[in-house]
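Undergrad: Pasting the sequence and the predicted coordinates here, then a few questions.
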Amino acid sequence: MVDKTSPTAQPALRSLLPEELSSLLVGAGFEAYRGKQVFQWLHAKSVRSIDEMVNVPKKLRDWLSENTRLGGATALLDERRSDDGSSKFLFQFADGRKVESVLMPDPKRAFFTMCVSSQVGCAVDCKFCLTGRNGFFRNMTADEIADQVLWARRILRERDPDAIFRNIVYMGMGEPLLNTAAVVRSIRLLTHSEGADFSPRRITVSTSGILPGLAELAAAETNVGLAISLNAVTQELREQVMPITRKYPLDELLEAAANFPLRPGRRITFEYVLLAGVNDSIEDARIMARILRGIPCKINLIPFNANPLLPYARPEREQVDRFQEVLSAARYTVSTRWSKAQDVSGACGNLATEFRQGGGVRAGAAAPAAVASASEGHDLDFFTAGLADDEED
Ligand code: SF4
C-alpha cells in the first residue's frame with residue numbers, strides 16, 4: 001500500500017484539523033463542510049489515497065491530488081507478527097526515513113495498545129537503549145506520528161472487526177518532549193471527534209524528563225497521561241545512565257511531576273528499567289519510596305532486556321521481586337513488565353536491530369540538519385509495553 005505522497009512543499013492533508021482543511025478548501029473555492037468530510041476520510045477511515053474518498057466530488061479530488069499531499073507514512077514496508085499477538089510495523093516516510101511502531105494486545109487479548117515513535121532516532125543517549133546509541137536524524141511531523149496509529153488501526157479492523165484499539169503510548173523511538181509541538185498536534189488530530197476519536201485518557205506520553213517540554217505539554221492542556229522514565233534514584237547515577245539529566249536535575253523533575261496537571265483520579269507512571277548490580281538494590285528501592293512520596297503515581301518496573309550490544313544485565317527474578325516488595329510495602333502501586341514480542345525482535349530494547357544502519361547524532365553533537373541525509377534506522381525504546389492497560393480511570 002503506497003500513497004501518492006511526494007516530498008514537496010504541498011500541504012500535508014493528514015496534518016490539518018477539520019477547520020484548517022475547511023479554510024484551505026474555501027480558499028480554493030470549495031464549500032467549507034468539505035473540510036470535515038475530507039478529515040473524516042483521512043482520520044476516521046484512514047484512506048491511503050485521495051481516490052478512496054468516494055463521496056467527495058471528482059473536481060475536489062482532482063484539486064487535492066494536484067495541490068496537496070496526503071502526508072503521514074508513504075509505505076508500510078514490513079509487519080512482523082508475534083505469537084503473543086503483537087505486531088511490529090516498519091513505516092517509511094516521503095524522505096525515505098523509517099520508524100517502527102508496535103501494536104500489542106493486553107494479556108487477555110481484549111484490547112490493543114499502540115506504541116508510537118515521535119522522532120527518527122533519538123538524541124538523548126540513554127546508556128541502556130540501542131536507539132540512543134544510534135543517534136538522532138530528525139523530528140517526525142504530527143501527521144507522521146498520527147499515521148502510525150491510523151494505519152495500524154485500519155489493518156487491525158480489516159483483520160478483526162471486533163478488535164478494540166484502545167490505548168496509544170508515545171514510547172517508541174525518540175524523546176516525545178524534544179518534539180513537543182508535533183506530539184501535541186498529533187494528539188489533537190487523534191482525539192478529534194470527527195476523526196479517530198481517541199480518548200485523551202487512553203493516551204500516555206513518556207519522557208526521560210525534559211523539563212521545558214514537560215512545561216509545554218502541561219500548558220497544552222491535552223489531558224493525556226504522563227509517564228516518566230526514572231531509571232535511577234540519585235542525580236549521580238541518573239547522569240550515568242541518562243546523561244541528558246545533567247541538564248534536567250532530578251529534584252526539579254520531581255517537582256515538575258508533582259505539579260503536572262492530571263485529570264482527577266489519574267496518576268503519573270514512573271518507569272524504572274532494572275539493571276542488575278546498577279540500580280536494583282534494596283537501598284535504591286527505599287530511596288525511590290522516599291523521593292516519590294507525595295506524588296500521585298504508580299511504578300512500572302521493567303527488568304532490562306539483555307542485548308549483546310549493551311553493557312547491562314537483567315536482574316534475577318528474586319531480586320526484581322524483592323525490589324517490588326519494598327515499594328509495595330511503602331504502599332505504592334507497582335507492576336513488573338516483562339517484554340512482549342520477543343520472537344519478532346519486538347521486545348524492550350531489541351526492536352528493529354535488523355533495520356539499523358547507524359549514523360545519527362547524539363545530544364551535544366552536530367545539529368539535526370547536518371544529518372538529514374544520513375543512513376537511518378533504529379530500534380525502539382520499547383521498555384514500557386502494556387503501560388496503558390492498567391490505567392485506572
Ligand atoms: S530510552 Fe528513550 S529517550 Fe532514552 S535514548 Fe532510548 S529512545 Fe531516547
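TA: Sure thing, it's come through. Residues are numbered from 1 along each chain as shown.
Undergrad: Under the pLDDT cut-off, which ranges of the stretch 1-150 of the chain? List them.
TA: For the stretch 1-150 of the chain, the stretches flagged by pLDDT under 70 are 1-8.
Undergrad: mind giving me the domain ranges of this structure?
TA: In terms of domains, the chain is parsed into 13-67, 75-390 (source: automatic domain parsing).
Undergrad: For the ligand, find the nearest of those domains.
TA: Taking Cβ to the nearest ligand atom, domain 75-390 is the member of these nearest to the ligand, at 2.9 Å. C-beta: built from backbone N, CA, C; applies to glycine.
Undergrad: Run the chain-centre distance for the closest one.
TA: Here the centre of domain 75-390 is set off from its chain's centre by 6 Å, with Cα atoms, centre = their mean, to the nearest Å.
Undergrad: Next, see if that domain gets close to the ligand.
TA: Yes. Judged by Cβ under 6 Å from any ligand atom, domain 75-390 comes into contact with the ligand at 122, 124, 125, 126, 129, 131, 132, 173, 174, 175, 208, 381.
Undergrad: Now do the buried residues in stretch 205-217.
TA: 205, 206, 207, 208, 209, 210, 211, 213, 214, 217 (16 or more other Cβ atoms under 10 Å).
Undergrad: on that earlier part again, which stretch among the domains of the chain is buried most, on average?
TA: Of the domains of the chain, the one with the most neighbours on average (mean count of other Cβ atoms under 10 Å) is domain 75-390, at a mean of 20.
Undergrad: which stretches of the stretch 251-393 of the chain form strands?
TA: Using DSSP state E, counting those that start in this stretch, the strands found in the stretch 251-393 of the chain span residues 268-274, 297-303, 333-336.
Undergrad: What of the stretch 1-150 of the chain?
TA: 75-81, 87-92, 98-105, 112-115, 119-121, 136-139.
Undergrad: Among the ones you listed, which comes closest to residue 267?
TA: Residue 267 lies closest to strand 112-115 among the strands of the stretch 1-150 of the chain, at 17.6 Å (Cβ to Cβ).
Undergrad: Does anything pack onto the closest one? Which helices or strands?
TA: Applying 3 or more Cβ pairs under 8 Å, 6 or more residues apart in numbering; DSSP states H and E, we find strand 112-115 packed against strand 98-105, helix 142-159, strand 165-170.
Undergrad: which helices and strands does the shortest one pack with?
TA: Read that as strand 165-170. Going by 3+ Cβ pairs under 8 Å, 6+ apart, strand 165-170 lies up against strand 112-115, helix 142-159, strand 203-207.
Undergrad: What are the contacting residues of the second one?
TA: To tie it back to what came earlier, the one meant is helix 142-159. 12-15, 42-43, 45-46, 48, 71-73, 76, 79, 87, 89, 91, 93, 99, 101, 103, 112, 114, 116-118, 163, 165, 168, 170, 172, 182-183, 185-186, 189-190, 196, 198 (Cβ atoms under 8 Å, 6 or more residues apart in numbering).
Undergrad: what angle separates it from strand 75-81?
TA: If you take axes from the mean of the first three to the mean of the last three Cα atoms, to 10 degrees, helix 142-159 sits at 50 degrees to strand 75-81.
Undergrad: if we can go back for a sec, what would the strands of the stretch 1-150 of the chain look like in TSV with distance to residue 34?
TA: Shown next, in TSV, are the strands of the stretch 1-150 of the chain (distance: least, Cβ to Cβ, whole Å):
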stretch	distance to residue 34
strand 75-81	27
strand 87-92	28
strand 98-105	31
strand 112-115	29
strand 119-121	33
strand 136-139	30
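Undergrad: Identify whichever of those lies nearest to residue 287.
TA: Checking these against residue 287 by Cβ to Cβ gives strand 112-115 as the closest, at 29.0 Å.
Undergrad: residues in contact with residue 336?
TA: The contact partners of residue 336, taken as Cβ under 8 Å, 6+ apart, are 300, 301, 302, 303, 320, 324.
Undergrad: Quote the end-to-end distance of stretch 261-278.
TA: End-to-end distance for stretch 261-278: 32 Å, by Cα to Cα, to the nearest Å.
Undergrad: same check, this time on stretch 22-34
TA: First residue to last in stretch 22-34 (Cα to Cα) measures 7 Å.
Undergrad: Can you verify my assumption that residue 182 contacts residue 118?
TA: Yes. With contact defined as Cβ atoms under 8 Å, residue 182 and residue 118 form a contacting pair (7.2 Å).
Undergrad: overlap in contacts of those two?
TA: When contacts are counted by Cβ under 8 Å, 6+ apart, residue 182 and residue 118 are jointly contacted by 139, 140, 145.
Undergrad: ok, the residue most central in space within the chain - contacts?
TA: In the chain, the centroid-proximal residue (Cα atoms, centre = their mean) is residue 170; its distance is 2.1 Å. By Cβ under 8 Å, 6+ apart, residue 170 lies in contact with 116, 118, 145, 176, 183, 203, 204, 205, 206.
Undergrad: likewise residue 224?
TA: Contacts of residue 224 (Cβ under 8 Å, 6+ apart): 187, 200, 201, 203, 204, 205, 217.
Undergrad: In the sheet, which residues pair with residue 113? Tell me.
TA: Residue 113 has the following beta-bridge partners by DSSP bridges: residue 104, residue 167.
Undergrad: meant to ask about residue 272
TA: Here residue 272, judged by DSSP bridges, has bridge partners residue 301.
Undergrad: Is it correct that it is in contact with residue 297?
TA: No. Using Cβ under 8 Å as the test, residue 272 is too far from residue 297 to be in contact (11.3 Å).
Undergrad: Would you reformat the contacts of residue 224 as CSV and include pLDDT and distance to residue 334?
TA: Below are the contacts of residue 224 laid out as CSV (pLDDT from 0 to 100; distance: Cβ to Cβ, whole Å):
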residue, pLDDT, distance to residue 334
187, 98, 28
200, 96, 25
201, 93, 21
203, 97, 23
204, 96, 17
205, 97, 21
217, 98, 25
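Undergrad: All set now, cheers.
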